[in-house]
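Asker: show me the folded form of this:
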Amino acid sequence: MPKNLVIVESPAKAKTIERFLGADYKVLSSYGHIRDLKKKNFGVDLTTFQPEYEIPADKAAVVSTLRKEAKAADVVWLASDEDREGEAIAWHLAEVLKINPADARRIVFHEITKPAIVNALATPRHIDLNLVDAQQARRVLDRLVGFRLSPVLWRKVRPNLSAGRVQSVAVRLIVEREREIEGFTPTSFYRVRATFTTPDGQTITAELNRKPATQEEAEAFLNRCIDKDFTVTSVVTKPTRRTPAPPFTTSTLQQEAARKLGYSVASTMRVAQSLYEQGYITYMRTDSMNLSTLCLDACGPLIASTLGPEYHQRRTYHTHAKGAQEAHEAIRPTDMQRETIDATPQEKRLYDLIRKRTLACQMADARLERTQVTIHMDGDDTAHFTAQGEVVKFDGFLRVYRESRENDESAEDEALLPAMTEGMRLLPSDINARQSFTKPPQRYSEASLVHKMEELGIGRPSTYAPTISTIQQREYVVKGERPAPLTPCHLLTLSGGSISDTIVQEKGAAEKGKLLPTDTGIVVNDFLIANFPDIMDYNFTANVEKDFDHVAEGGMKWTDLIRGFYTDFDPEVERIMADNSGQKAGERILGTDPATGRTVSVRIGRYGPMVQVGTTDDEEKPRFATLRAEMSMATITLEQALDLFKLPRTLGDYEGKTVTIGVGRFGPYVHHDGKYATLGKEDDPLTVSLERAIALICAKREAEAKSHLKAFAEEPGMEVRTGRYGPYIAFEGKNYKIPKAKADEAANLTLDECRAIIEAEKNKAAKPARRRTAAKKA
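Answerer: Purely as a prediction, here's the structure:
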């Protein structure tokens, strides 16, 4: 029996650590937290604000195993992560396993390597109760906010909504940005560019130093350019440098992985967690930019040997984020010599990004030479053209890594200019003035939202990803894709002494993966701002994070923090709940139905935005219709709302069965013979023809035929099919996944084999229920 029990929170982490330790050590996983706040009565004593914990049913077996192993071991080592959440896990383990926190052997490490683990075992410490208190303060405060605000939303907006201290503020950022865009008025201006030829025949493109506001101004300037001479009046060449970006913190990794690799914030953290648990990178939840001496000493020789000593420049970084507390080092590889890893393609790409960024931050500046040429038109000192160019003299860190920027339109380096001298005459080949328009602010992507949250002090490294995932899961925000818009613009061209005017299309920026607020998100946001302005205030959220930091440093008692908040918060909730006046939050009256004279309104219903004809006070029951996906509560008109009641439409018969068009929770559809086919984005449910509907029905049949692998005459309701995620068995309205071992032979499965797979899947689903029953009995 091993004398030492090491407990970590992840089975993958346990497996990696066990490789480094001898037979005297057994490493087990707690699978995250083993206790949580009770679901009933807030899980908090509202007099003392002490949390009331319970062991969830699905953790009963894990806790039983850990108790048994801890009792048999001579020493128990608590090795959960080094942030506040990890410290709380260690404390809960000590409490449940009956280990005195003052005597508990707590070990921490920010990388899973043998030297780090051995060093941690040699230098254990006690559980830091200040860090535990900071985590408890966050958990209790968020529970109180969520459990008190959510019922208010159920009553005032619609059932099954939720609110949260950080998630609601994140939604506010997205809603306010959308309103900025909606309220933006584009302003026209003209960008004037000229192509000149030097005496030796080389060309140069330059831009006017001012932008005419109107077509008349642009034409007037072009007219002044006719038959004019142009002279180079200034050639200025300056050396410049570019400095590498610092090593990754959690937020900068999330942003760069989104821009360079297209990863969502949640995907980045999942992949980074896996890399950490396999021992490839240091701890991934950190706001520190510090690099260890070990890493700095490894980078120098590596860069010098592979690129040359002139490429190395040792650098140290210091954290600028207020309240930096999650860990003590930036995210970096545990072994800088390891260029490739044995991992999934996703993990390899993220590891390569982290390694290159770490190497680049220890490399020399890139040295460039930038040239600016000023060109004047003879007789006109009020305006001039400017041409810029640069050349890289020494690539430095750019040899390895180039940091990206959100919505970066300057992807290409400035061109190298031909040799020119002051006084040189240039011949204009053409001068054009192209109309353009000012652009509204960009919608947030996941990466830019993380950046904004960090800038405002909202949340911490461990909360960015779950916050962004939550607001999408709650359907307050969706990811949207919009094609690049085309805007007709005037292009005025001076060539051969005359000016032509043509209409061209200016292509805007396409939007992919941008965060858009839903109608539900907008209504909830507006309601919370109107009734709970303090909770929705950016400064409140940021100041609470600072208070958590003070608790972690031992400068504040966490229950005093909660009491101070709840004393003001609870009366506000009670006041709003007691107010029964007025209409539902977000309800908007559109007008009157001409056919019935009844009121037409739009509001949030149980399943989302809907139109209502009539009120509950009318003798006749109200009628309801769901808004289509492309519609918005803020912009829908009375006519559009009444059109929704024209559905379902009967188009005619096909194969002796009626074909109808309807709209449901997931959008417009064709219904025929008990089956449904989705209308395409280009199809209008109010005008789609019978021929088009039949085509969709046939396409659906073809797709189903391709997915059909096998049926059984003895069991007519059972089919073997293949779908997006592989082969499966469809039976009695449910789908059962076919195991990988049998996936290749899915079309050849017998009826008995299918029944066995279904039975195994049913038993697998029943195990959690049995565990819950056993936990209740215990």
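
Asker: okay, which residue is most central for the chain?
Answerer: Central residue of the chain (C-alpha atoms, centre = their mean): Glu446, 3.2 Å from the mean position.

Asker: that residue and Ile522: what is the separation?
Answerer: Distance, Glu446 to Ile522, using C-beta to C-beta, to the nearest Å: 19 Å. Every C-beta, even on glycine, is put in place using the N, C-alpha and C of the backbone.

Asker: ok, Thr205 next?
Answerer: On the measure of C-beta to C-beta, Thr205 and Ile522 end up 45 Å apart.

Asker: more neighbours: which of those two?
Answerer: Ile522 (22 against 13; other C-beta atoms under 10 Å).

Asker: my read is that one is in a helix, agree?
Answerer: Yes. Applying DSSP: H, G, I helix; E, B strand; the rest coil, one finds Ile522 inside a helix.

Asker: re the thing from before, show me what contacts the residue lying closest to the residue nearest to the centre of the chain once chain neighbours are set aside?
Answerer: Spatially, and ignoring its direct neighbours in sequence, Glu446 is nearest to Val265 (4.6 Å; C-beta to C-beta, 6 or more residues apart in numbering). Val265 makes contact with Gln254, Ala258, Glu446, Ala447, Val450, Tyr464, Ala465, Ile468, Ser469 under the criterion C-beta atoms under 8 Å, 6 or more residues apart in numbering.

Asker: okay, and Ala170 sits in which element?
Answerer: If you go by DSSP states H and E, Ala170 is part of helix 167-182.

Asker: tell me which residues of that helix come out buried.
Answerer: Buried residues in helix 167-182, defined by neighbour count with 16 or more other C-beta atoms under 10 Å: Gln167, Ser168, Val169, Ala170, Val171, Arg172, Leu173, Ile174, Val175, Arg177, Glu178.

Asker: isn't the fourth one right next to Glu454, touching?
Answerer: Meaning Ala170. No. Assessed by C-beta atoms under 8 Å, Ala170 is found out of contact with Glu454, at 11.9 Å.

Asker: report the set of residues contacting both of those two.
Answerer: Between them, Ala170 and Glu454 share no contacting residue, judged by C-beta under 8 Å, 6+ apart.

Asker: and the pLDDT at the residue nearest to Glu446?
Answerer: Per-residue pLDDT puts Val265 at 93.

Asker: which other helices and strands contact the helix holding Ala170?
Answerer: Contacts defined by 3 or more C-beta pairs under 8 Å, 6 or more residues apart in numbering; DSSP states H and E place helix 167-182 against helix 446-456, helix 464-473, strand 511-517, helix 519-531, helix 538-552.

Asker: do that again at 10 Å, thanks
Answerer: Secondary-structure packing of helix 167-182 (3 or more C-beta pairs under 10 Å, 6 or more residues apart in numbering; DSSP states H and E): helix 129-156, helix 446-456, helix 464-473, strand 477-482, strand 511-517, helix 519-531, helix 538-552.

Asker: run the chain-centre distance for the longest one.
Answerer: Relative to the mean C-alpha coordinate of its chain, helix 129-156 is positioned 23 Å out (C-alpha atoms, centre = their mean, to the nearest Å).

Asker: one more: the third one?
Answerer: In terms of C-alpha atoms, centre = their mean, the gap separating the centre of helix 464-473 from the centre of its chain is 7 Å.

Asker: just the angle between it and helix 446-456, please?
Answerer: Per axes from the mean of the first three to the mean of the last three C-alpha atoms, to 10 degrees, the angle that helix 464-473 makes with helix 446-456 is 120 degrees.

Asker: from the contact counts, what lies against helix 464-473?
Answerer: Packing partners of helix 464-473 (3+ C-beta pairs under 10 Å, 6+ apart): helix 167-182, helix 250-261, helix 265-277, helix 446-456, strand 477-482, strand 511-517.

Asker: worst mean pLDDT among the ones you listed?
Answerer: Among the helices and strands packed on helix 464-473, strand 477-482 scores lowest, at a mean of 88.

Asker: mind listing what's buried along the helix or strand following it?
Answerer: Where DSSP H and E defines the elements, the next helix or strand beyond strand 477-482 is strand 486-495. Neighbour-count burial for strand 486-495 flags Cys489, His490, Leu492, Thr493, Leu494 (criterion: 16+ other C-beta under 10 Å).

Asker: by contact count, what packs against strand 486-495?
Answerer: For strand 486-495, the elements it packs on are strand 188-197, helix 215-225, strand 425-437, strand 498-507, judged by 3+ C-beta pairs under 10 Å, 6+ apart.

Asker: parallel or antiparallel, list what pairs with the last one.
Answerer: Strand 498-507 has these partner strands in its sheet, going by DSSP bridges: strand 486-495 (antiparallel).

Asker: can I get the contacts of Val265 in JSON lines with distance to Gln372?
Answerer: Formatted as JSON lines, the contacts of Val265 follow (distance: C-beta to C-beta, whole Å):
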{"residue": "Gln254", "distance to Gln372": "37"}
{"residue": "Ala258", "distance to Gln372": "34"}
{"residue": "Glu446", "distance to Gln372": "38"}
{"residue": "Ala447", "distance to Gln372": "33"}
{"residue": "Val450", "distance to Gln372": "36"}
{"residue": "Tyr464", "distance to Gln372": "41"}
{"residue": "Ala465", "distance to Gln372": "44"}
{"residue": "Ile468", "distance to Gln372": "42"}
{"residue": "Ser469", "distance to Gln372": "47"}
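
Asker: show me the shaky parts of this protein.
Answerer: Within the chain, the stretches with pLDDT under 70 are 1, 320-327, 406-415, 581-583, 766-778.

Asker: quick check: longest strand of it.
Answerer: strand 380-394 (DSSP state E).

Asker: distance from it to the middle of the chain?
Answerer: Relative to the centre of its chain, strand 380-394 is centred 39 Å away, using C-alpha atoms, centre = their mean.

Asker: for stretch 40-59, same thing?
Answerer: Chain-centre distance of stretch 40-59: 31 Å, with C-alpha atoms, centre = their mean.

Asker: end to end, how far does that stretch reach?
Answerer: End-to-end span of stretch 40-59 (C-alpha to C-alpha, to the nearest Å): 18 Å.

Asker: and the residue nearest to Glu446, how close does it get to Ala677?
Answerer: Distance check for Val265 against Ala677: by C-beta to C-beta, it reads 35 Å.

Asker: Val450 now?
Answerer: Val450 is 39 Å from Ala677, by C-beta to C-beta.

Asker: more crowded one of these two?
Answerer: Set Val450 next to Ala677 and count neighbours by other C-beta under 10 Å: Val450 wins out with 27 against 19.

Asker: I figured the more buried one hits Tyr444, correct?
Answerer: Yes. Applying C-beta atoms under 10 Å as the test, Val450 and Tyr444 come out as touching, 9.2 Å apart.

Asker: quickly list what's touching both of these two.
Answerer: Counting by C-beta atoms under 10 Å, 6 or more residues apart in numbering, the common neighbours of Val450 and Tyr444 are Ala170, Ile468.

Asker: the helices and strands packed on helix 464-473: which one's closest to Gln135?
Answerer: helix 250-261 (16.9 Å; C-beta to C-beta).

Asker: quick check: buried residues in the closest one?
Answerer: Buried, per 16+ other C-beta under 10 Å, within helix 250-261: Thr250, Ser251, Thr252, Leu253, Gln254, Gln255, Glu256, Ala257, Ala258, Arg259.

Asker: and stretch 116-133, by the same measure?
Answerer: Here stretch 116-133 shows Ala116, Ile117, Ala120, Leu121, Ile127, Asp128, Asn130, Leu131, Val132, Asp133 as buried, counting by 16+ other C-beta under 10 Å.

Asker: in JSON lines, list those along with distance to Thr596.
Answerer: Shown next, in JSON lines, are those (distance: C-beta to C-beta, whole Å):
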{"residue": "Ala116", "distance to Thr596": "74"}
{"residue": "Ile117", "distance to Thr596": "75"}
{"residue": "Ala120", "distance to Thr596": "75"}
{"residue": "Leu121", "distance to Thr596": "79"}
{"residue": "Ile127", "distance to Thr596": "69"}
{"residue": "Asp128", "distance to Thr596": "68"}
{"residue": "Asn130", "distance to Thr596": "66"}
{"residue": "Leu131", "distance to Thr596": "64"}
{"residue": "Val132", "distance to Thr596": "63"}
{"residue": "Asp133", "distance to Thr596": "62"}
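
Asker: right, I'll leave it there.
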